[in-house]
Structure formats: C-alpha cells, structure tokens
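S.K.: Test case, fold it:
(one chain, ligands or ions: 1)
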Amino acid sequence: MITKPKGTYDILPNESRSWSKLEDTIRKICKLYNYKEIRTPIFESFNVFHRDANDTSDMVTKETYDFKDRGDRMITLRPEGTAGVARAFIENKLYVENPVNKLFYMGPMFRYERPQKGRNRQFNQFGVEALGSSSPLIDAEVIALGASLIRSLGLKDVKVKINTLGDEESRKAYRDVLVKHFEAHKDELCGDCLNRLEKNPLRILDCKVDRHKEFFNDAPKIKDYLNDASKDHFNKVLKALDDMQLQYEIDDNLVRGLDYYSHTVFELEVNVPEFGAQNVIGAGGRYDGLISQLDGPKTPGVGMAFGLERLLLAASLSGKALVKPDSIHVYFIALGERAQAECIKQANICRIGGLACDMDYLGRGIKAQFKDADKNNARFTCILGDNELDEFKINIKDNETDEQETISLYDVYPYVINKLNKSALGACASCKDRKEE
Ligand code: HAM
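M.R.: Below is the predicted model of the structure:
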C-alpha cells in the first residue's frame, strides 16, 4: 500500500465541513476588517524565501523544500505566505492603485520539520498582510482581527504575547550589548546559537535549547535600548490595544523565529494542557524592510498568520463544535428496479429545486435503506414500491415529527418545501444548519 508522506495527512469527509466552516468564518472576519483575498503560487523562485545569506531562521536554513524543476530553475515550496505576497505586491505594482493594501490568504505551506501534534510538513495557514502604512494603529488592527477570529471560534485560554524589536538603530544598539553578554557565556551556547551570535544575536533569545539556561535571565532587554521613535511606536500600539479593550502580555524575550521583523512582534498562545507543545496558534509582526529586500519600493508592512490545524484543534478542545452533524432533506427508499428508476427522477427534481437528496444504489433491502436514511440524517424518507408506483403515489415520513402520509408522486417537491417552510419558521434542523453554514 502506498501511504502518505510523513508529516502530511488527509482531510476526510467527516472533517471537511469543519474546515469549510472555519474558512467561511475567516472570510467573514476579513470582510469586517476590509482585507481582500490574494492567491499566490504554492511554489515560488528559491530567492523569494532565500533572500539573505545571513538569514539564521530555522525555516529558511533547515526547513524549506527546495528543488530544481525540469528547466533547471531553483524552486521552493512556500514555507509561509508573507514573502510570496510581498513578491506579488511588487510584481503586480499593487501600490500604484492603493497606497495601503490590506490582503489575506489561505492555503497550504510546506516546512521540513519534525512532525508532532500540531506540527506537520504540509500545513495550512490563514494570513493577513497590511502593506503601505507604518501607523502603529494598523499593527493593533491586525491583532484585533486575530482576536475577533478567536472570539468567533469560541476559543478559550488564548493569550496575546507582544514585544517590540524596535527600528534598525535600536536593534543595533541592543545587538552590541547582547553580543557582549552572550560572548561571556560562549562555552554554554548551543551550536545554533554560536552561529546566531555572529549573524543574528537577537534570535538567541528565541532558542528552545538555551532559553532555560541561567545566563539567559540577566541578558539585557531590548526595552532598555529603544530609541524614542521605537518607544513611541510600541506605546501607540499598546494604547490602541487598550482602547479596544484587548488584553495582552508584554514578553521581553519574544523575538519570533523569522528574520524579517522590526518593531512590533506578537504571538497568540493557547494555554490548555491537552494542546501539547505546539501551542502558538498564530503569530506575526511588522516587517518594514521586507519589500525593499525583495527589490520593491520602500514599503512598510505588518501581518500575522494562523495555523488552521491548530485553530481547529483549539476549537475542538474548547468544546465548541464548529458544525452540526451533516444532514439531507430527503432520502428515497426504492423497492424494486422500477421504483429505483422513478426515485432518481424524483430526487433530481428535488435537487434542482435546492433540496439535498440521496437514495440507495446498492439494491439493498428496505431495512438497510432505512438505516442509510438514518445515517444521512434525512429529514424526510420517501418509500416507493410497485403498488404505490402503479397508483402514482408515494409514502413520505417526516423524521422530525414521525408523521407519515401517502401523497401524489408528483407532489414530493412541493410537499417537502411546504413542510420545511413551516418548520423553518420554527426549527427544522436541516434547514437551519444550511442557513447558518
Ligand atoms: P510562523 O510563526 O512561522 O509565522 O507561522 C504562523 C503560524 O503557522 C504558527 O503560529 C502556527 O500556528 C502555524 N504553523 C507554523 N508551522 C507549522 C507547522 N509545521 N505545522 C502546523 N502549523 C504550523 C509566519 O509564517 C509568518 N509568515 C507570519 C506573518 C505574517 N508575519 C507577518 N505576516
């Protein structure tokens, strides 16, 4: 048997409705915040992600799927959405029409990571990118959008952690003292951090290996090295969050795993024990240098991405089912070949009229067909045998009220619609489900 590649998974029919529901919720929220969808390729030129030889992020140095295509071009499967969106922004000159572009995307990303609960090699992200404004208010808007999504999904125990990396000048001042501090502990640093010490010492703060060592506690903090402009930017982000009554926690050691960030960085963390180690469901920050690094016009940017698998896991752990069990309007039970031929006709009439229908295609007995109707949560069951057919009649049962009637064969559609309309004013489960979804 050929099996799926390690770190991938199938979304099976009983799960796919939760995915659709999540995607619908995301689209609704993006509409509220006026973010417009952008769809970029799943593979990009290698250089979109491998921009800087000094990049120390695990994602770029260890985790990308890189290959040569048959035309000898270096290609990378996208490990994240931001760089591809930045490439598309530049190539399509989106800045010409709109000074600020607020964009969102959803789709698969690829990282060669060690698979574990909540960490896959192919996973899905929903992300937003706001390009063109350096206002701290838009940093806060992005976080507010994330908070709205969390609220809509009914997620519990989600914490927003936030920090600033300041502007280039602040980071340079901080970098110098940080290098001095960690150089004194060079012997205790892990191999990756020794490399980071030269290339990007801030990333040492993010190290999962060294983070718990004692010399970490008295490492200098970026907040003490921010220039006035950086302090002002961060304070304005915090004030806007306060004004919107959004809760957050400042985390001095938060630097994020990607190298393109400046100023605001943040992570949204779920704190329930069943979630496991991969408890960051979404994260982002400002990246004012990325567009020019990709040879675009100097353009500030801020964004965030959520892992959809982690959002769904968080939703299920919060005990809030995203969707009700699937259901159909009518199941046709046919007794015999002639009845079967008539049932497919009737089912088609109903389907054209907008009713979800199904029937048996295995020639099963009446008992098995009733079982199948039940399994499909049919609101109505129609039963047709030769006798009824000869009289142009059909038996119909309302499974919600247990009412059973014999009606004209040609009345199935109006009969069901009439009943549904009546109960839709009340509470027909199958119609309500469909309306809500
Ligand atoms: P990131 O922190 O690398 O940021 O990924 C964002 C989210 O994607 C994570 O918080 C997590 O929920 C999910 N995720 C990442 N890797 C995996 C994986 N292997 N398996 C399952 N889920 C995963 C970014 O990607 C940035 N582009 C975010 C951003 C947008 N910053 C600015 N704009």
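
S.K.: Can you pull the residues of the stretch 1-150 of the chain lying near the ligand?
M.R.: Residues of the stretch 1-150 of the chain lying near the ligand by Cβ under 6 Å from any ligand atom: 80, 81, 82, 111, 113, 118, 119, 120, 123, 125, 127, 129. Just so you know, the C-beta spots here come from the backbone N, C-alpha and C atoms, and that holds for glycine as well.

S.K.: again with the stretch 251-400 of the chain
M.R.: So far as Cβ under 6 Å from any ligand atom goes, the stretch 251-400 of the chain lies against the ligand at 257-258, 280-285, 287, 303-307, 309-310.

S.K.: In this structure, which residue is most central in space?
M.R.: Residue closest to the average C-alpha location in the chain (Cα atoms, centre = their mean): residue 308, at 3.1 Å.

S.K.: now the nearest residue to residue 144 once chain neighbours are set aside: how far from residue 231?
M.R.: In this structure, residue 144 finds its nearest non-sequential neighbour in residue 244, 5.5 Å apart by Cβ to Cβ, 6 or more residues apart in numbering. Separation of residue 244 from residue 231 (Cβ to Cβ, to the nearest Å): 21 Å.

S.K.: Please apply the same query to residue 166.
M.R.: From residue 166 across to residue 231, the span is 8 Å (Cβ to Cβ).

S.K.: With neighbour numbers in mind, choose between those two.
M.R.: Just comparing residue 166 and residue 231: by other Cβ atoms under 10 Å the higher neighbour count belongs to residue 166, 24 against 14.

S.K.: contacting residues for the residue nearest to the centre of the chain?
M.R.: Residues near residue 308 by Cβ atoms under 8 Å, 6 or more residues apart in numbering: 19, 22, 106, 123, 124, 125, 126.

S.K.: try residue 320
M.R.: 153, 154.

S.K.: which SSE is it in?
M.R.: Residue 320 is part of no helix or strand when elements are defined by DSSP states H and E.

S.K.: Can you pull the phi/psi pair for it?
M.R.: Dihedral angles phi and psi of residue 320 (degrees, to the nearest 10) take the values phi -110, psi 110.

S.K.: can you check residue 314 too?
M.R.: Backbone geometry at residue 314, expressed as degrees, to the nearest 10, gives phi -60, psi -40.

S.K.: Residue 60: what's it in contact with?
M.R.: Contact analysis of residue 60 by Cβ under 8 Å, 6+ apart lists 49, 50, 79, 258, 259.

S.K.: Was I right to think residue 49 contacts residue 75?
M.R.: No - Residue 49 lies out of contact with residue 75 (Cβ atoms under 8 Å); the separation is 10.4 Å.

S.K.: Which of these two has more residues huddled nearby?
M.R.: More crowded of residue 49 and residue 75, by other Cβ under 10 Å: residue 49, with 22 against 16.

S.K.: residues in contact with that one?
M.R.: 60, 64, 76, 78, 79, 80, 83.

S.K.: Could you rerun that using 7 Å?
M.R.: Residues near residue 49 by Cβ atoms under 7 Å, 6 or more residues apart in numbering: 60, 64, 76, 79, 83.

S.K.: Can you give me the neighbour number for the second one?
M.R.: Meaning residue 64. By other Cβ under 10 Å, neighbour count at residue 64 equals 19.

S.K.: Any figure for the gap between it and residue 55?
M.R.: Look at residue 64 and residue 55: by Cβ to Cβ, they are 11 Å apart.

S.K.: sorry, back to before: kindly indicate which of the contacts of residue 49 lies nearest residue 379.
M.R.: residue 79 (45.4 Å; Cβ to Cβ).

S.K.: mind listing what the closest residue to residue 257 other than its chain neighbours touches?
M.R.: The shortest distance from residue 257 to any non-neighbouring residue, by Cβ to Cβ, 6+ apart, is to residue 57 (5.5 Å). Taking Cβ under 7 Å, 6+ apart as the criterion, residue 57 is in contact with 257, 258, 259.

S.K.: which SS class is the first one?
M.R.: Using DSSP: H, G, I helix; E, B strand; the rest coil, the structure places residue 257 in coil.

S.K.: which of the residues of the stretch 1-150 of the chain next to the ligand tops the neighbour count?
M.R.: residue 129 leads those on contacts (other Cβ under 10 Å) with 27 neighbours.

S.K.: Who are the packing partners of the longest helix anywhere in the chain?
M.R.: Counting by DSSP state H, the longest helix found in the chain is helix 13-32. Helices and strands touching helix 13-32, as assessed by 3 or more Cβ pairs under 7 Å, 6 or more residues apart in numbering; DSSP states H and E, comprise strand 101-110, helix 136-152, helix 308-317.
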